[in-house]
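K.L.:
build me a model:
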Amino acid sequence: MRIHIASKDEISTDHLRNILTANKFLPYAEYGISIDCLINYIVRNIQDSLEKGSFVLVAEEKNNILGLLVGGKSEWDSKHFGIEIAIIRYLFTSGDYYERRQCAKELLASLSAISKFKLVISRSHTEDIPLVHAIEDSSFQLMDTLVTYYFDFKNKISDFKESCKIEPLKDEMPELKRIAKTSFSEASVATDHFHADHRLNEAKSDSLYEQWVEETSKDKDNVVLVAKIDNRPVGFTTGKINNQLNNYSNKKIGSLILSAVSLEYRQAHVYTSMIQTGLRWFSDKVDIVDLGTQIGNYSVQIAWQKLGFRIVSSRYTWHKWVD
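P.N.:
Numbers count the residues shown, from 1 in each chain. Just a heads-up that it's a prediction; the model follows:
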């Protein structure tokens, strides 16, 4: 098996079709999007990543691609924490259990050999056992487990009377940053992968989400909805339409990404009101809306189910420190 860094010319639909077609865990496959659409989307996504400085490692034997690892610097995380952080965006392998496990291990070993990153972050589908075992073999540590739920607009949005006023972001960012920081540090309901990693600076993990919501608001493709009681911001939720995927699919996908509620209003149905309003915002724009959280965040999963969301997938988040 030969592992090398692929050139852009090697990253085409023709080159990657076989390995992608054989993979059971392509992103968004759970929504019934056709394999051809997903392959075209992934190839375009990889090509775009290369243009932004990512790299592709290819495991090859007799001109057959056996494995593919796409990784690169996570600019935002690296800047926030002040260290070089890489993220593995895709890791696909083919063959039986043993072949897939060995191929993934060799790709991960090659990544460590060629990169100068301090921390590498990866995710894997919880059912992708060969990849899970290869990641464990490669000295990654499990940091959290994410579950994803989705709402299909074939179904009716449930009747729910909002408990607060919800409107698009105006000039409330200072209050939203305060809500984000306290929600994910002082009284978090589940441990995210940054807080789970005690080698990361705790203060920077605490402040990450306040920076995140501010950066989100600068992207014109995002929406930030603000919940208010007595004209005071008490929560927010953010969403985005996946325009790149939607260019390749007959199903339009949107995501509710980050939500938070002031500590004193957590029992006032503010969160459910925000998600309900988010659904209405998406209702004439997409076919499916998804959202995710840590597996231990039970209260929001109960709220999602009451609103008609259904669980669709789960993934592990892994960290590896390169000393």
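
K.L.:
what count of nearby residues applies to Val300?
P.N.:
21 (other C-beta atoms under 10 Å). To be clear about C-beta, it is placed using only N, CA and C from the backbone, and glycine gets the same treatment.

K.L.:
what about it, which helix or strand?
P.N.:
helix 298-306 (DSSP states H and E).

K.L.:
for Phe117, same thing?
P.N.:
Per DSSP H and E, there is no helix or strand for Phe117.

K.L.:
confirm for me that it is in contact with Ile88.
P.N.:
No: contact criterion C-beta atoms under 8 Å: Phe117 and Ile88 do not qualify, at 10.5 Å.

K.L.:
hmm, back to that, what about the helix holding Val300, distance to the chain center?
P.N.:
19 Å (C-alpha atoms, centre = their mean, to the nearest Å).

K.L.:
when you give positions from now on, start the count at 635
P.N.:
With the count now opening at 635, the last piece we talked about shows up as helix 932-940.

K.L.:
give me the sheet partners of the next helix or strand after it and which way each runs.
P.N.:
Scanning forward in sequence from helix 932-940 by DSSP H and E, the next helix or strand is strand 944-955. In the sheet, strand 944-955 lines up against strand 753-759 (antiparallel), strand 775-786 (antiparallel) (DSSP bridges).

K.L.:
what distance separates strand 944-955 from the centre of its chain?
P.N.:
9 Å.

K.L.:
other residues contacting it?
P.N.:
664-665, 746, 752-760, 766, 769, 772-785, 827, 831, 833, 924, 929, 935 (C-beta atoms under 8 Å, 6 or more residues apart in numbering).

K.L.:
list buried residues within these.
P.N.:
665, 752-759, 766, 769, 772, 774, 777-778, 780-785, 827, 831, 924, 929, 935 (16 or more other C-beta atoms under 10 Å).

K.L.:
just say helix, strand or coil for Ser797.
P.N.:
Under DSSP: H, G, I helix; E, B strand; the rest coil, Ser797 falls in the coil class.

K.L.:
got it, and Gly930?
P.N.:
Going by three-state DSSP: Gly930 is coil.

K.L.:
just give me the neighbour total for it.
P.N.:
Neighbour number of Gly930 under other C-beta under 10 Å is 12.

K.L.:
ok, now how distant is it from Val781?
P.N.:
Distance, Gly930 to Val781, using C-beta to C-beta, to the nearest Å: 10 Å.

K.L.:
got it, and Ile863?
P.N.:
29 Å.

K.L.:
cool, and Thr760?
P.N.:
For Thr760 relative to Val781 (C-beta to C-beta), the value is 9 Å.

K.L.:
and the helices in the stretch 835-957 of the chain, which stretches?
P.N.:
Taking DSSP state H, counting those that start in this stretch as the test, the helices found in the stretch 835-957 of the chain are 836-851, 877-880, 904-916, 932-940.
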